[in-house]
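Undergrad: coordinates for the following, if possible.
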Amino acid sequence: MLGILALLLLAAAVCIRLGAWQLDRAQIRGEQAAARAAQEHSAVAPVPIDEVLAPQTSVTADVVGARVLVTGEYLTGAEFVIAEDSDGEAGSLVVTGLRVTEGGGTGAVLPVLRGRVDGDAATTTARLGPGEPLAAPAGRVTLVGEIAASEAALAGEFAPGTLGSISSGQLANLWGPPIYGGYLRLVSSDPPQSADLVPVPAPTPSGGLNLQNLAYAAQWWIFGGFAVLLWIRLVRDEVTRLREPRRE
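TA: Residues are numbered from 1 along each chain as shown. As a prediction, this is how the structure comes out:
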C-alpha cells in the first residue's frame, strides 16, 4: 500500500506540474493574442471623426480606441498641463484644444492629448508659449489619433495652466461650447509637432487567458485529484477487508 501511495503521489505531482505549465501557456498565449490585436488595430486606416463621434455627444464603449482623422487649428491659450510621474521621474501631459475646421463638427473644440514630456508641470507650462519648443503648430493641422472617453474632473487647487484630468465638462466651462464629449489621444500630426512630445499610448488591456490551455490545466489538476481519491478509496477498501470476520 505504501508503494501504491508513492506512485499515486508521484502521479498527482506530475499532474499538478503539467497543470501549472498549461496555466503559464494560457497566460502567454493570451498576451500574444492581445499583442496581435493591438498590432492589427494600429494598422487600421483612420476614418474621419464624423463617422465615429459628433460634438456634444458621449463617448460610448464601442467608440473608445477608434482611429480617426481630424483637421483643424489649435486654439491660442487653450491648453493645459497634467503632472504625471512615471517610474519615479517627473513628467507632464500636454493637452491643447483644436478647433475643427472640416466636416460636420466644424467649429467644435476637440481636446487633444498631444503627448508626454519629461519635466515638472511648471517647466512644461513655460515651454508652451508662442515660439517656445512645445508650442502647438500654427495654422491648419491634420491629426491622426485615437478617441478616448472624457475623464472625471478632479477637485482641488491647481497651479495656473494645469489641471488634474481631461474632463469635457470642465473644459466646456473654460473654452466654451460646443465641445466633443471625449478627447483625442494623438498618434501623428501634419505638420509635425515638437519631437520632445512623446505620444501617449492607450492603456494596454489585459491579455487574459487562453481558454483552451486553461481547460487543459483544469483537466490535469482533476487527474491529480483522482490519483489522491484513488488512494483514499484503496485504503478504505483495505480497511473494510481487514475488518470483515474471517470465515473458518
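Undergrad: only C-alpha atoms from now on, for both contacts and neighbour counts.
TA: Fine.
Undergrad: remind me which helix or strand residue 125 belongs to.
TA: helix 121-126 (DSSP states H and E).
Undergrad: for the record, mean pLDDT for the longest strand seen in the chain?
TA: In the chain, taking DSSP state E as the definition, the longest strand is strand 67-86. Mean pLDDT, strand 67-86: 84.
Undergrad: summarise which helices and strands the lowest-mean-pLDDT helix or strand in the chain is packed against.
TA: Least confident element among the helices and strands of the chain, by mean pLDDT, DSSP states H and E: helix 2-42 (a mean of 75). Counting contacts by 3 or more C-alpha pairs under 8 Å, 6 or more residues apart in numbering; DSSP states H and E, helix 2-42 packs against helix 211-243.
Undergrad: re earlier: next helix or strand past the least confident helix or strand of the chain?
TA: Using DSSP H and E, the first helix or strand after helix 2-42 is strand 47-48.
Undergrad: hang on, the earlier thing: quick one: name whatever helix or strand follows the helix holding residue 125.
TA: strand 140-149.
Undergrad: direction included, what does that next one pair against?
TA: strand 67-86 (antiparallel), strand 182-190 (antiparallel) (DSSP bridges).
Undergrad: next, count neighbours for the nearest residue to residue 213 once chain neighbours are set aside.
TA: Excluding the flanking residues, the one nearest residue 213 by C-alpha to C-alpha, 6 or more residues apart in numbering is residue 26, at 4.9 Å. As a burial measure, residue 26 scores 23 neighbours (other C-alpha atoms under 10 Å).
Undergrad: OK, contacts around residue 26?
TA: Going by C-alpha atoms under 8 Å, 6 or more residues apart in numbering, residue 26 touches 209-214.
Undergrad: contacts only, for the residue nearest to residue 129 when sequence neighbours are not counted.
TA: Nearest residue to residue 129, sequence neighbours excluded (C-alpha to C-alpha, 6+ apart): residue 135, at 5.8 Å. Neighbour list for residue 135: 127-129, 194 [criterion: C-alpha under 8 Å, 6+ apart].
Undergrad: confidence score at residue 135?
TA: 83.
Undergrad: and which of the contacts of residue 135 is nearest residue 152?
TA: residue 128 (24.5 Å; C-alpha to C-alpha).
Undergrad: surely the closest one touches residue 134?
TA: Yes - look at residue 128 against residue 134 with C-alpha atoms under 8 Å: they come within range, at 4.9 Å.
Undergrad: got the domain ranges for the protein?
TA: Using automatic domain parsing, the domain parsing of the chain gives 2-36+208-243, 47-190.
Undergrad: hang on, the earlier thing: list buried residues within the contacts of residue 26.
TA: 209-210, 213-214 (16 or more other C-alpha atoms under 10 Å).
Undergrad: still on that earlier bit, and of the domains of the chain, who's closest to residue 200?
TA: Across the domains of the chain (criterion: C-alpha to C-alpha), the nearest stretch is domain 47-190, sitting at 5.3 Å.
Undergrad: now the terminal residues of the closest one, how far apart.
TA: 16 Å (C-alpha to C-alpha, to the nearest Å).
Undergrad: with stretch 137-155 instead?
TA: Stretch 137-155: ends 31 Å apart by C-alpha to C-alpha.
Undergrad: list the buried ones in that stretch?
TA: Under 16+ other C-alpha under 10 Å, the buried positions of stretch 137-155 are 137, 140-141, 143-151.
Undergrad: from those residues, which is closest to residue 117?
TA: Closest to residue 117, out of all of those and judged by C-alpha to C-alpha, is residue 137, at 16.3 Å.
Undergrad: for that closest one, which non-adjacent residue is closest in space?
TA: Closest to residue 137 by C-alpha to C-alpha, 6+ apart is residue 193, at 6.0 Å.
Undergrad: what's stretch 122-129 in contact with?
TA: By C-alpha under 8 Å, 6+ apart, stretch 122-129 touches 80-81, 92, 117, 133-136, 161-162.
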